[in-house]
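Novice: got a sequence here, can you model it:
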Amino acid sequence: MRYVISMISCLLAASPALAEGLSGDWGGARDTLENNGVTLEIDYIGEAVRNFDPGLITAKKTTVYHDNLDLALTLDSEQAGMWPGTTVFVHGLRNHGGDPTGNIIGDLQTASNIEAPDQFIVHEAWIEQAFMDGSFSVLAGLHDMNSEFYVSEYASLMINSSFGIGPDVSANVPVSLFPQAGLGARLHWSPVEGLNVNAAVYDGDPATRGFKAGEGEFYVVETNFSEGGQNSIKAGYWLHSANPTFGGVTFSRNYGYYGIIERELTPFEQGGIGMFLQYGHAPSDRNTVFNYVGGGFHIQGMIPGRADDEFGIAMARATIHTAPNAINVTESTLEMTYRALLWSGITVQPDMQWISNPGGTLGAPSIRVGLLRFEVDL
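Specialist: Numbering: from 1, shown residues only. Below is the predicted model:
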């Protein structure tokens, strides 16, 4: 706790942001591009990660640094003076630096959601066509499944990967998400206000970036009931058509289901409190992670005069076994974080995580992990 408090105390005197993005409007060029349907986004995230309790991976307290650079271009065809209803999106991704999980932590749920191998790739490249005033749309190309499925807006403040997508999916099957999306096609339908249905199919192994025999396909469907704001209930089902082998037994396909509840407890117009709950399940006879439960609180403007700052506290709990008859082990992570908006397009986010049974190793020492993240939005 004292590590988080000490990091937060260094941030509170900083001035809040005065504009969107560090580089402003690029001398008017940004506004000109946006008026013609082109949006450019450049975002850099750097992060230092330290294990305060060595033992599982290394005998030393060690700090590693890694980073993430996003380059994104969006084209709105109608605003560009072309045909209506089409959006083109290209997202370049560059990662490099240390490997916190492999070098100093050893957890299964992955403490940092920007952890990735060194790479410079086109992460996404897709085109979407909307119909019926936007209530129905079709998307195809390289697409990050987690940009639309199994997403909690309140949980997005947290840094641990499980709050982005449950390990009941990401730890069990190849799936199109960060750090490398694969080919896919997605349908979106909003039959009435407050109800959205998304369905998609993706390459069964996004690393190959092509539908190939033996890899299978990943199918997912999600229904979202929304009451406005972030008050929503989401329910999803996924299926991977490849035949998994687990514990020496080969099964016909893999599948699972998940749900998310988000509630706005107090209004966010002048600061507020939101909560989220996540649940995911996959068959225990063919999956390493067969149960996942997560939940927490997202608080905005908790400190007077800093209405844009965000505080979060959450717990992620994955039930793990290495074989069908193996002893079940629960890896649990408690995370506490504070995201401070310092200036135009600059944020700093100290974060602490307490991880028990890291890696699903029964009796392994608990590990305290400290992260200090900064983000520059150009």
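Novice: who's in contact with the closest residue to residue 114 other than its chain neighbours?
Specialist: Excluding its sequence neighbours, the residue lying closest to residue 114 (CB to CB, 6 or more residues apart in numbering) is residue 68, at 4.1 Å. All C-beta spots, glycine's among them, are computed from the backbone N, C-alpha and C. Contacts for residue 68 (CB atoms under 8 Å, 6 or more residues apart in numbering) come out as 44-45, 93-95, 114, 116.
Novice: show me where pLDDT drops low in the stretch 101-250 of the chain?
Specialist: Along the stretch 101-250 of the chain, the parts satisfying pLDDT under 70 run over 229.
Novice: let's see that with 90 instead.
Specialist: Counting by pLDDT under 90, the stretch 101-250 of the chain has low-confidence residues at 132-134, 209-214, 227-230, 247-248.
Novice: what is the neighbour count of residue 36?
Specialist: Number of residues near residue 36 (other CB atoms under 10 Å) recorded here: 12.
Novice: now the phi/psi pair for the spatially closest residue to it that is not a sequence neighbour, please.
Specialist: Of all residues not flanking residue 36 in the chain, residue 80 sits nearest, at 5.6 Å (CB to CB, 6+ apart). Backbone torsions for residue 80, taken as degrees, to the nearest 10, come to phi -80, psi 0.
Novice: in this structure residue 80 contacts residue 39, no?
Specialist: No - counting by CB atoms under 8 Å, residue 80 stays clear of residue 39, with 10.9 Å between them.
Novice: checking the residue lying closest to residue 141 once chain neighbours are set aside next. Helix, strand or coil?
Specialist: Nearest residue to residue 141, sequence neighbours excluded (CB to CB, 6+ apart): residue 126, at 3.1 Å. At residue 126, secondary structure determined by DSSP: H, G, I helix; E, B strand; the rest coil is strand.
Novice: any idea how far residue 126 is from residue 46?
Specialist: Noted for residue 126: a distance of 28 Å to residue 46, by CB to CB, to the nearest Å.
Novice: buried residues, the host helix or strand of the residue nearest to residue 114. List them.
Specialist: Secondary structure assigned from DSSP states H and E places residue 68 in strand 63-76. With burial defined by 16 or more other CB atoms under 10 Å, the residues of strand 63-76 counted as buried are 64, 66-72, 75-76.
Novice: quick one: distance of it to the chain centre.
Specialist: For strand 63-76, the gap between its own C-alpha mean and the chain's C-alpha mean amounts to 13 Å (CA atoms, centre = their mean, to the nearest Å).
Novice: what strands flank that strand, and is each parallel or antiparallel?
Specialist: Partner strands and pairing direction for strand 63-76 (DSSP bridges) are strand 38-51 (antiparallel), strand 86-97 (antiparallel).
Novice: brilliant, that's me finished.
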